[in-house]
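Undergrad: Build me a model from this:
(chains A and B)
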Amino acid sequence: MSKTNLHLPLWEVFIRSKRGLDHKHVGSLHAADAEQAMQYARDTYTRRSEGCSIWLVRSADIHASQAEDSASFFDPADDKVYRHPTFYDIPEDLKI
Amino acid sequence: MNRPALFEYTLRLGDDALINGQRLSEWCGHGPFLEEDIGVANTALDLIGRARLLLTYAGEVEGKGRDEDQLAFTRDEREWRNALITELPRGDFGFTTVRQFLLDAFNQQLYDRLRLSTDATLAGVAGRAAKECDYHLRHTSEWVLRLGDGTKESHDRAQRALDALWPYTAELFESDPVQEQMEAEGVAPSTASMQSAWLHTVEPVLRAAELQIPENTWPQTGGRQGMHSEHMGFLLAEMQFVQRAYPGQTW
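TA: Numbering: from 1, shown residues only, chains lettered A, B, ... in the order given. Model (predicted):
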């Protein structure tokens, strides 16, 4: 296979597996535009009845958190227990 | 019901699908890029799946105990009834795409009408096939526009493909006693009505793609009578090799 992909933008594919559920990220693909990306998403990700709806996002439009931010973003101080909703009495009938 | 004519007609439908599918499958692993490789292979699978249903039914109609595999893998060249356009070598990606576009537009007209066939089995096969055809045509129409209205290189290749393929399209709308018999029984749609509808489908796309339909071409026909091009023998040799070498093998 040639390296023509280098010229085609990357798209992220989200599939909703059935009505009522949310779209889930399933993978990515290369395509020249949205229409072509939609056809390739169908061909690549929905041929075995995986879904009933496709969303596409240009990968370039996604803003991702950076690995070097992990410490300041995702490592909260564990001593602030009031951040966690653990001080409520949960009714016995409630199933969680 | 004229069973020999129905057998012949069903064989034509099945052979068109199988030979077209076989040619498309040659791209598997060789597509211009991964996504299109998967797209072409999916279309090939749709066509081969359709061929299985049609050849199985042809075997039943014939009543001589031949199943889909025997019809696919043990018939020699003169017994094949596919239109010549399906057996032409795959060429470059432009050739494959333009051929598929012309055939998808034809199949869309054919299977949409065949859903109303008086033959319940053919109408059933057509119900599923018509949905596939809509998708295939959408895919190849996009590509014809992209190639024809793309770079000079892609335009020239698409135009060369169209020039080479156009004379072969006449055969898709050919009429003969089998076709007339099937039309009279309401089994087959009329080729005349399909041809004008087909032109209405392909002309706007070709025009938008800045491709010229060649004029005054000589129709290339003969496939329905088993008179094939020199390419058919090579295709069959590859497709039938395993069954010829190990007759009756299954997996």
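
Undergrad: and chain B, which of its residues are near chain A?
TA: B:30-39, B:42, B:135, B:138-139, B:142, B:146 (CB under 8 Å from any CB of the partner chain). C-beta here means a position set from N, CA and C on the backbone, and glycine is covered the same way.

Undergrad: Could you single out the nearest of those residues to residue B:201?
TA: Of all these, residue B:201 sits closest to residue B:138, with 11.6 Å by CB to CB.

Undergrad: Is the closest one in contact with residue A:36, as I believe?
TA: No - Residue B:138 lies out of contact with residue A:36 (CB atoms under 8 Å); the separation is 10.7 Å.

Undergrad: higher neighbour count, these two?
TA: Higher neighbour count among residue B:138 and residue A:36: residue A:36, with 21 against 15, using other CB atoms under 10 Å in any protein chain shown.

Undergrad: Which helix or strand contains the more buried one?
TA: helix A:34-45 (DSSP states H and E).

Undergrad: Equivalent analysis for residue B:99, please.
TA: Judged by DSSP H and E, residue B:99 forms part of helix B:93-114.

Undergrad: downstream neighbour of that helix in the secondary structure list?
TA: Using DSSP H and E, the next helix or strand after helix B:93-114 towards the C-terminus is helix B:120-148.

Undergrad: Tell me which other helices or strands that next one touches.
TA: When contacts are defined as 3 or more CB pairs under 8 Å, 6 or more residues apart in numbering or on different chains; DSSP states H and E, helix B:120-148 packs onto helix A:34-45, helix B:34-62, helix B:93-114, helix B:152-169, helix B:191-208.

Undergrad: do the first one and chain B meet?
TA: Yes - with CB under 8 Å from any CB as the threshold, helix A:34-45 lies in contact with chain B, specifically through A:35-36, A:39-40, A:42-44.

Undergrad: ok now that helix, how far from the chain's centre?
TA: Its chain's average C-alpha position is 17 Å from that of helix A:34-45, according to CA atoms, centre = their mean, to the nearest Å.

Undergrad: From the contact counts, what lies against it?
TA: Helix A:34-45 packs on strand A:10-16, strand A:24-30, strand A:53-58, helix B:34-62, helix B:120-148, going by 3+ CB pairs under 8 Å, 6+ apart.

Undergrad: Dump the ones you listed into a markdown table; add mean pLDDT and distance to residue A:77 as well.
TA: As requested, the helices and strands packed on helix A:34-45 are exported to a markdown table (pLDDT from 0 to 100; distance: least, CB to CB, whole Å):
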| stretch | mean pLDDT | distance to residue A:77 |
| --- | --- | --- |
| strand A:10-16 | 96 | 33 |
| strand A:24-30 | 95 | 30 |
| strand A:53-58 | 96 | 34 |
| helix B:34-62 | 96 | 46 |
| helix B:120-148 | 97 | 54 |
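
Undergrad: Any chance of TSV for those, columns distance to residue B:73?
TA: TSV is the format used below for these (distance: least, CB to CB, whole Å):
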stretch	distance to residue B:73
strand A:10-16	38
strand A:24-30	35
strand A:53-58	38
helix B:34-62	10
helix B:120-148	21
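
Undergrad: Among the ones you listed, which comes closest to residue A:64?
TA: Closest among those, once you apply CB to CB, is strand A:10-16, at 10.8 Å.

Undergrad: Return the set of buried residues in that closest one.
TA: Across strand A:10-16, burial judged by 16 or more other CB atoms under 10 Å in any protein chain shown covers A:11-16.

Undergrad: From those, pick the one nearest chain B.
TA: Chain B has its nearest neighbour among the buried residues of strand A:10-16 in residue A:11, at 9.7 Å by CB to the nearest CB.

Undergrad: if I read this right, the closest one contacts residue A:30, doesn't it?
TA: Yes - under the criterion of CB under 8 Å, residue A:11 makes contact with residue A:30 at 7.4 Å.

Undergrad: buried set for the helix holding residue A:36?
TA: A:36-45.

Undergrad: What of stretch B:210-221?
TA: For stretch B:210-221, using 16+ other CB under 10 Å, the buried residues are B:211, B:220-221.

Undergrad: quick one: which of those residues is nearest to chain A?
TA: Closest to chain A, out of all of the buried residues of stretch B:210-221 and judged by CB to the nearest CB, is residue B:211, at 19.1 Å.

Undergrad: Contacts only, for the closest one.
TA: Listed by CB atoms under 8 Å, 6 or more residues apart in numbering or on different chains, the contact set of residue B:211 reads B:144, B:148, B:155, B:158-159, B:162.

Undergrad: would you list those residues in JSON lines and tack on neighbour count?
TA: Shown next, in JSON lines, are the contacts of residue B:211 (neighbours: other CB atoms under 10 Å in any protein chain shown):
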{"residue": "B:144", "neighbour count": "25"}
{"residue": "B:148", "neighbour count": "26"}
{"residue": "B:155", "neighbour count": "17"}
{"residue": "B:158", "neighbour count": "29"}
{"residue": "B:159", "neighbour count": "20"}
{"residue": "B:162", "neighbour count": "25"}
